[in-house]
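J.: sequence and predicted model, in that order:
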2 protein chains.
Amino acid sequence: MKYDLTKKPTRGAQRTLESFSQTMFKLLSEEPFERISVNKICDISNFPRATFYNYFDDKFDLVDYCWYVIAQEIEVDKATEVKSNQSLIIYFDRLYDVFKNNRHLLDNILQYNEFSGQLVNSFVNYFKDKMQTILSGSIDYSKAGLPVELIADHCSETVILVLKWIFLKHHDADKRLAHTYLKKLLNLDQFI
Amino acid sequence: MKYDLTKKPTRGAQRTLESFSQTMFKLLSEEPFERISVNKICDISNFPRATFYNYFDDKFDLVDYCWYVIAQEIEVDKATEVKSNQSLIIYFDRLYDVFKNNRHLLDNILQYNEFSGQLVNSFVNYFKDKMQTILSGSIDYSKAGLPVELIADHCSETVILVLKWIFLKHHDADKRLAHTYLKKLLNLDQFI
DNA sequence: TTCAGATTTAGACACTTGTATAAGCAATAG
DNA sequence: CTATTGCTTATACAAGTGTCTAAATCTGAA
């Protein structure tokens, strides 16, 4: 990403970011990612290509920004962080809600893109990374005789696995059932 | 892949496939994947672009064929399939050996490509799929009260996680230790 | 309000991509 | 041997990519 998201954006920049991401969301619901070109994005957004490349490296970069927009809902609040034992479930729930709230987008995307294609991959990876960042900072895995990062990786992969199962592979499950899956797969008492 | 790998290739086709894949292996050790163009591959291999596109859809397709070449070592023999309980460990060991035997290639690749980049991703996904195919056909997961495919997914993801940890993130471990990781993470008795 | 510094934009450049066509070549069956 | 079939190759095409320049425009602080 060429644009620095940490500094607060000018009104103009905000408009530009919004416009490009909205266009991308729109196009993702209409055609496969391979057929979405930077040219097309710019035409629809009414910005010249040069502006696109002021903000993003390429279309992958923009789509990552789109996931970032979606993930804004998650709110990693320091408050809950303390009650460490439960935090895996707490953040699982937040991700569950994000996936649920964007169900129609996901369905549209899956209509045009392979489950193992680049696009779905970038989506899944974005949230796997997100989960990993959250978990590695908020859980104490000291119990199991295993490298801590390895456990953190494993937990976040499993969280995403369950969400993929429910929302991308369409095996609907409410939170209660989702928790059961998660706990059985992770054998949770083992770690936390 | 445009070329049909199931039918046995003519001598000419063999030479062509060999040439393109060798060139790709060479280039992967020299520069990042994004800078490898189909043009360059063809120049080095001394084939015209048209020939490349006779065999592959694009450079991703070729790199997948490269993983296929590497994976040939694995040998999914029907013989072991029967002793189902142990087969997860057996196939883990085979993958372990494949990763170990190609350690220098992996090291080179990681020198030029991001750990979460497209190239490493395609490598990891190739072997995750491979493992999934093997496992879903050779293990009986009836014990745990969970969807079978979900468990199969989880097992193959965990296998790959451990191999990534050892060979891509460079936390060396012999097979014995690797088995310990795997068993603790999967809590193996739970499933098999 | 002004002006210096930053952003945006038009246009061009060298390069890549995937496809299509038709000519050339090689292996095989009759 | 030769006709047929299928693969290889030369070449061209329309499109896309990412970078660069210099001019235009905007913006915030004085």
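T.: Thanks, I have it. Numbering: from 1, shown residues only, chains lettered A, B, ... in the order given.
J.: what does chain A put close to DNA strand D?
T.: Contacts of chain A with DNA strand D, taken as Cβ under 7 Å from any atom of the strand, map to A:10-12, A:37-40, A:49-50, A:53, A:57-59. Placement of C-beta: from N, CA and C, glycine included.
J.: inside helices: which ones of those residues?
T.: A:11-12, A:38-40, A:49-50, A:53, A:59 (DSSP state H).
J.: by neighbours, which of the residues you listed wins?
T.: Counting neighbours by other Cβ atoms under 10 Å in any protein chain shown, the top entry in those is A:Lys59, with 20 neighbours.
J.: pretty sure it is touching A:Asn39, no?
T.: No - contact criterion Cβ atoms under 8 Å: A:Lys59 and A:Asn39 do not qualify, at 10.3 Å.
J.: among the ones in helices among the residues of chain A next to DNA strand D, find the lowest-pLDDT one for me.
T.: Lowest pLDDT of those: A:Arg11, 88.
J.: so how far is chain B from it?
T.: In this view, A:Arg11 and chain B are 33 Å apart by Cβ to the nearest Cβ, to the nearest Å.
J.: and if you look at A:Leu110?
T.: Note on A:Leu110: its distance to chain B, by Cβ to the nearest Cβ, is 17 Å.
J.: and the helix or strand encompassing that residue, what's buried?
T.: Element membership of A:Leu110, judged by DSSP states H and E, is helix A:103-112. By neighbour count with 16 or more other Cβ atoms under 10 Å in any protein chain shown, helix A:103-112 contains the buried residues A:105-106, A:108-110, A:112.
J.: likewise for stretch A:113-129?
T.: Residues A:113, A:118-124, A:126-128 are the ones in stretch A:113-129 that count as buried (16+ other Cβ under 10 Å).
J.: closest to the centroid, which residue in chain A?
T.: A:Phe127 (3.2 Å; Cα atoms, centre = their mean).
J.: and it, what is it in contact with?
T.: Residues near A:Phe127 by Cβ atoms under 8 Å, 6 or more residues apart in numbering or on different chains: A:67, A:71, A:95, A:98, A:160, A:163.
J.: orientation of whichever strand or helix holds it relative to helix B:118-138 in degrees?
T.: Taking DSSP H and E as the criterion, A:Phe127 maps to helix A:118-138. Calculated by axes from the mean of the first three to the mean of the last three Cα atoms, to 10 degrees, helix A:118-138 forms an angle of 90 degrees with helix B:118-138.
J.: is helix A:118-138 positioned near DNA strand C?
T.: No - residues of helix A:118-138 are not located near DNA strand C by Cβ under 7 Å from any atom of the strand, the shortest gap being 11.7 Å.
J.: quick one on the thing from earlier: same for DNA strand C: which of the ones in helices among the residues of chain A next to DNA strand D are within range?
T.: By Cβ under 7 Å from any atom of the strand, the members of these lying near DNA strand C are A:12, A:49-50.
J.: same list, the residues you listed, but as CSV with distance to A:Lys183 please.
T.: Shown next, in CSV, are these (distance: Cβ to Cβ, whole Å):
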residue, distance to A:Lys183
A:Gly12, 48
A:Arg49, 49
A:Ala50, 51
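J.: now the buried residues of helix A:103-112 as a markdown table including pLDDT?
T.: Listed next are the buried residues of helix A:103-112 as a markdown table, based on pLDDT from 0 to 100:
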| residue | pLDDT |
| --- | --- |
| A:Leu105 | 98 |
| A:Leu106 | 98 |
| A:Asn108 | 98 |
| A:Ile109 | 98 |
| A:Leu110 | 98 |
| A:Tyr112 | 98 |
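J.: was I right about A:Thr23 contacting A:Ile41?
T.: Yes - here A:Thr23 reaches A:Ile41: they are 5.4 Å apart, a contact under Cβ under 8 Å.
J.: ok, A:Leu27 - contacts?
T.: A:Leu27 sits next to A:36, A:40-41, A:44 when contact means Cβ under 8 Å, 6+ apart.
J.: just give me the closest of the contacts of A:Phe127 to DNA strand C.
T.: Closest approach to DNA strand C among these (Cβ to the nearest atom of the strand): A:Trp67, at 21.9 Å.
J.: which pLDDT value belongs to A:Lys143?
T.: A:Lys143 is assigned 63 on the pLDDT scale.
J.: domain parsing of chain A, as residue ranges.
T.: What automatic domain parsing lists as the domains of chain A is A:11-66, A:75-190.
J.: now the longest one, how far from the chain's geometric center?
T.: Read it as domain A:75-190. Centroid separation for domain A:75-190 versus its chain: 10 Å, with Cα atoms, centre = their mean, to the nearest Å.
J.: surely A:Val120 is in contact with A:Leu110?
T.: Yes - at 7.1 Å, A:Val120 counts as touching A:Leu110 under the criterion of Cβ under 8 Å.
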